[in-house]
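**Q** For reference, the sequence and a predicted model appear below.
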Amino acid sequence: MSRLSFTLNDSNKIPWLAFGTGTALYTKEAKKEVIQAISHGITHLDGAQVYGNEASIGDAIAESGVPRSSLFVTTKLWDVPAGKTVRDTLVESLRKLKVDYVDLFLIHNPQLHPDLKSVWKQLEELKKEGLSKSIGVSNFRIKDLEVILPGAEILPSVNQIEYHPYVFKASKPLIDFLKKHTIVPTSYGGLTPVNRFKGGPLDPVLEKIAKRLGETRGKPVTSGQVLQVWLRQQGVPAITTTSKAERLLEYLDVETIPDLTSEEVKEIEETGSEVHHRVFVRTSRSDSRLVTNLNCYVHR
Ligand SMILES: NC(=O)C1=CN([C@@H]2O[C@H](COP(=O)(O)OP(=O)(O)OC[C@H]3O[C@@H](n4cnc5c(N)ncnc54)[C@H](OP(=O)(O)O)[C@@H]3O)[C@@H](O)[C@H]2O)C=CC1
Ligand SMILES: O=CCc1c[nH]c2ccccc12
């Protein structure tokens with residue numbers, strides 16, 4: 001059971017561990033994997049309109065037998081079709097998810113919305129109406145936040161971003177900005193150093209720390225778990241995923257692993273900063289890669 005949660009700036013709580021549904025593993029059908037995650041005690045489900053699988057998440061929630069109030073359901077706004085409002089898209093998501101509110105509604109990508117201020121206003125209204133308990137953003141840079149914050153009546157509660165040690169240095173100004181404005185960063189791609197970018201300079205550092213933690217607690221710790229402890233210790237919720245039951249147990253087990261020492265945190269961050277490896281959304285011209293399945297993201 002995942003028990004750890006953090007408090008958002010609107011006083012709502014967000015579970016630290018989230019099960020992501022935006023992955024090629026499940027294509028457009030996530031029901032089996034979501035039921036498996038819920039039955040293992042994961043309560044936070046991360047969805048999005050663009051993943052095209054909200055109805056299967058709704059089926060999983062309905063069949064899980066877990067009360068709606070024990071779950072934390074996130075979805076994200078993609079584009080707003082001509083003739084529709086942001087509210088229309090959320091109502092459609094709620095219909096597919098078979099719930100009468102979501103816990104968190106995020107603007108998925110600022111680059112899709114020429115009038116971010118107006119979109120944010122509409123999210124504020126949805127929170128007031130109770131259709132989303134909390135509201136936030138995803139893939140926002142400082143310059144995007146600077147568009148919405150001055151006129152905001154309600155602050156975004158979270159910014160869901162790619163966050164792991166290989167983007168640590170590049171993300172530092174944004175993380176500091178979020179902290180100053182009480183916005184919680186949440187991390188996707190957090191396991192990049194052990195899955196998409198294995199062979200990097202962090203490998204031996206993570207292995208060494210995993211060995212020490214494993215010996216300390218008398219149960220093996222993996223490099224992936226070390227990365228998740230690194231997030232947890234910063235108060236950053238982890239949006240991860242898997243189709244494997246044993247991996248879910250590995251993720252859930254992270255809540256029982258002690259903190260890293262300050263020297264270990266420093267070593268992860270300094271070694272991570274030796275390379276820059278962003279997988280998902282390109283946020284500046286110096287970012288080297290733009291992943292192909294996300295080529296809908298355009299740098300401006
Ligand atoms: N807002 C946005 O723009 C974005 C949001 N997301 C959200 O984040 C979710 C999580 O996605 P993602 O970023 O891929 O998550 P992670 O970076 O946490 O990667 C999860 C993958 O890592 C693998 N893995 C776990 N532990 C290890 C290990 N020790 N060694 C090697 N591989 C390991 C798992 O594989 P296995 O299946 O084999 O267990 C799983 O497929 C998405 O489903 C989506 O909901 C993702 C991208 C963009
Ligand atoms: O959320 C980002 C990752 C993702 C997964 N599926 C799609 C489809 C279209 C845009 C982004 C994504």
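**A** Great, that's in hand. Ligands and ions are numbered 1, 2, ... in the order given.
**Q** going forward, measure contacts and count neighbours with C-alpha atoms only.
**A** Noted.
**Q** ok, stretch 235-251 near ligand 2 or not?
**A** No. Stretch 235-251 is not in contact with ligand 2 by C-alpha under 6 Å from any ligand atom; minimum separation 10.7 Å.
**Q** What distance separates the opening and closing residues of that stretch?
**A** Stretch 235-251 has an end-to-end distance of 16 Å (criterion: C-alpha to C-alpha, to the nearest Å).
**Q** Quick one: name whatever helix or strand follows the host helix or strand of residue 229.
**A** According to DSSP states H and E, residue 229 maps onto helix 223-233. Using DSSP H and E, the helix or strand that directly follows helix 223-233 along the chain is strand 238-240.
**Q** quick one: that next one near ligand 1?
**A** Yes. Strand 238-240 reaches ligand 1 (C-alpha under 6 Å from any ligand atom) through 239-240.
**Q** Check what contacts that strand and list those residues.
**A** Strand 238-240 is contacted by residues 16-20, 46, 186-191, 228, 231-232 when judged by C-alpha atoms under 8 Å, 6 or more residues apart in numbering.
**Q** go on, stretch 148-165?
**A** Under C-alpha under 8 Å, 6+ apart, the answer for stretch 148-165 is 8-10, 116-117, 120-121, 124, 134-140, 171, 178, 182-193, 227, 268-269, 271-273, 278-281.
**Q** for that stretch, the distance to its chain's centre please.
**A** How far stretch 148-165 lies from its chain's middle: 12 Å, per C-alpha atoms, centre = their mean, to the nearest Å.
**Q** Endpoints of that stretch, how far apart?
**A** Distance between the two ends of stretch 148-165: 28 Å, counting by C-alpha to C-alpha.
**Q** May I see the buried residues of that stretch?
**A** 148, 154-165 (16 or more other C-alpha atoms under 10 Å).
**Q** which two from these end up farthest apart in space?
**A** 154 and 165 (30.5 Å; C-alpha to C-alpha).
**Q** Dump stretch 38-55 to PDB, restricted to CA.
**A** In PDB, the C-alpha atoms belonging to stretch 38-55 read as follows (Å, rounded to 0.1, in the frame of the first residue of the first chain):
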ATOM      1  CA  ILE A  38      -4.800  -0.500  -7.700                       C
ATOM      2  CA  SER A  39      -4.900  -4.000  -6.300                       C
ATOM      3  CA  HIS A  40      -1.300  -3.600  -5.200                       C
ATOM      4  CA  GLY A  41      -2.300  -0.500  -3.200                       C
ATOM      5  CA  ILE A  42      -1.400   2.300  -5.700                       C
ATOM      6  CA  THR A  43      -4.100   5.000  -5.300                       C
ATOM      7  CA  HIS A  44      -2.700   7.800  -7.700                       C
ATOM      8  CA  LEU A  45      -3.600   7.200 -11.400                       C
ATOM      9  CA  ASP A  46      -2.000   9.600 -13.900                       C
ATOM     10  CA  GLY A  47      -4.000   9.900 -17.100                       C
ATOM     11  CA  ALA A  48      -4.400  12.400 -20.000                       C
ATOM     12  CA  GLN A  49      -6.900  13.100 -22.700                       C
ATOM     13  CA  VAL A  50      -4.300  12.500 -25.400                       C
ATOM     14  CA  TYR A  51      -3.500   9.000 -24.100                       C
ATOM     15  CA  GLY A  52      -6.800   7.900 -25.500                       C
ATOM     16  CA  ASN A  53      -7.400   5.400 -22.700                       C
ATOM     17  CA  GLU A  54      -9.500   7.300 -20.100                       C
ATOM     18  CA  ALA A  55     -12.500   4.900 -20.700                       C
END
